[in-house]
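Asker: generate coordinates for the sequence data below:
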Amino acid sequence: MGGNQTWITDFILVGLRLSAEMEMFLFWVFSLLYILSLLANSIILGLIYLDSRLHTPMYFFLSHLAILDISYASNNVPKMLANLVTHKRTISFVPCITQTFLYLAFAASECLILAAMSYDRFVAICHPLHYTVIMSWKVCVALAATSWSCGFLLSVAHTILLLRLPFCGPREVNHLFCEILAVLKLACADTLINQVVILAACVFVLVGPLCSMLVSYTHILRTILKMQSKEGRRKAFSTCSSHLCVVGLFFGIAMLVYMVPDSDQREEQEKILSLFHSLFNPMLNPLIYSLRNAQVKEAFHRALQKRSV
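Answerer: Numbers count the residues shown, from 1 in each chain. Below is the predicted model of the structure:
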């Protein structure tokens, strides 16, 4: 970046534009939800680590999902909470860009991890006799590593394209955190390339995985309906419905935010959707898996019994 313009060194996060009383109320509500999110995901991680019965590919991917949810929430929520109780809502340029980078990296990685989890369920239900061969630990590690690597590489590309843009005012980011679309609106140059790359990335991490999951679950549904055992059908539906709930929440909101044409009227709606993504989704994911998964509940009971002995 060059020239004689004065570059801004910080941004102002606008937030939700509420009264001081309502912001203080939301601070306590969001703080509670954030703590519950950290606690629930940490419990899931602890159970998977401590209980050998959960050392399977399905829970291996679930542990990565829990790590992503903790990271995802911790990247956005603390600054959001600080802004609710202080009138100083500025964020320096470098922390803002770092927040954008991590937000995109964790979100893209989570999309791909969810796709890997659907593939695991497809193999487990449709090819049970070959499951241990197809879903070997080598394959699981490769899928997880690929998901994380692709997520961070995509985020690097977005960040490089963002850093090439001049930012010379205005300073107000009309969002709860440094979300890329909100930051791009403040650039003093054409952002067409950035928008095209964002759309291409959405096709890669949202549309592509979602289509693969639809194909997987079509085969899974056919296989479940052919099962003779009612208990087998119940277990298959239980594990798959948990994953489908998480996928529906995550992908649905992401596609509404990034693939629906933008407008001034949608800015406030996008804030609420992003808030759900950053605060509620990470808390709901472990609850969905724990409440609808018998193995997780049994592992939790075993852990409690060990502590009481």
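Asker: on the three-state scheme, the spatially closest residue to L244 that is not a sequence neighbour is what?
Answerer: Leaving aside its chain neighbours, L244 sits nearest to Y217 (7.1 Å; criterion: C-beta to C-beta, 6 or more residues apart in numbering). Quick note: C-beta positions are derived from backbone N, CA and C, even for glycine. Secondary structure assignment for Y217 (DSSP: H, G, I helix; E, B strand; the rest coil): helix.
Asker: for Y217, what are its contacts?
Answerer: Applying C-beta atoms under 8 Å, 6 or more residues apart in numbering, we find Y217 in contact with 118, 122, 240, 244.
Asker: and for the second one, the neighbour number?
Answerer: Spelled out, it's F122. 22 (other C-beta atoms under 10 Å).
Asker: tell me the spacing between it and N281.
Answerer: 23 Å (C-beta to C-beta, to the nearest Å).
Asker: which SS state does the most centrally placed residue in the chain fall under?
Answerer: Centroid-nearest residue in the chain, with C-alpha atoms, centre = their mean: A107, separated by 4.3 Å. The local conformation at A107, judged by three-state DSSP, is helix.
Asker: so, low pLDDT: which residues of the stretch 151-300 of the chain?
Answerer: Scanning the stretch 151-300 of the chain with the threshold set as pLDDT under 70 gives 261-266, 291-294.
Asker: ugh, wrong one, I meant the stretch 1-150 of the chain
Answerer: 1-7.
Asker: recalculate using a threshold of 80.
Answerer: Along the stretch 1-150 of the chain, segments meeting pLDDT under 80 span 1-9, 16-18, 87-88.
Asker: and the helices in it?
Answerer: 20-50, 57-85, 93-126, 131-134, 137-163 (DSSP state H, counting those that start in this stretch).
Asker: reformat those as JSON lines; add distance to L210.
Answerer: Below are the helices of the stretch 1-150 of the chain laid out as JSON lines (distance: least, C-beta to C-beta, whole Å):
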{"stretch": "helix 20-50", "distance to L210": "24"}
{"stretch": "helix 57-85", "distance to L210": "16"}
{"stretch": "helix 93-126", "distance to L210": "8"}
{"stretch": "helix 131-134", "distance to L210": "22"}
{"stretch": "helix 137-163", "distance to L210": "15"}
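Asker: which one of the ones you listed lies closest to A254?
Answerer: Minimum separation from A254 across the helices of the stretch 1-150 of the chain (C-beta to C-beta) falls at helix 93-126, 6.9 Å.
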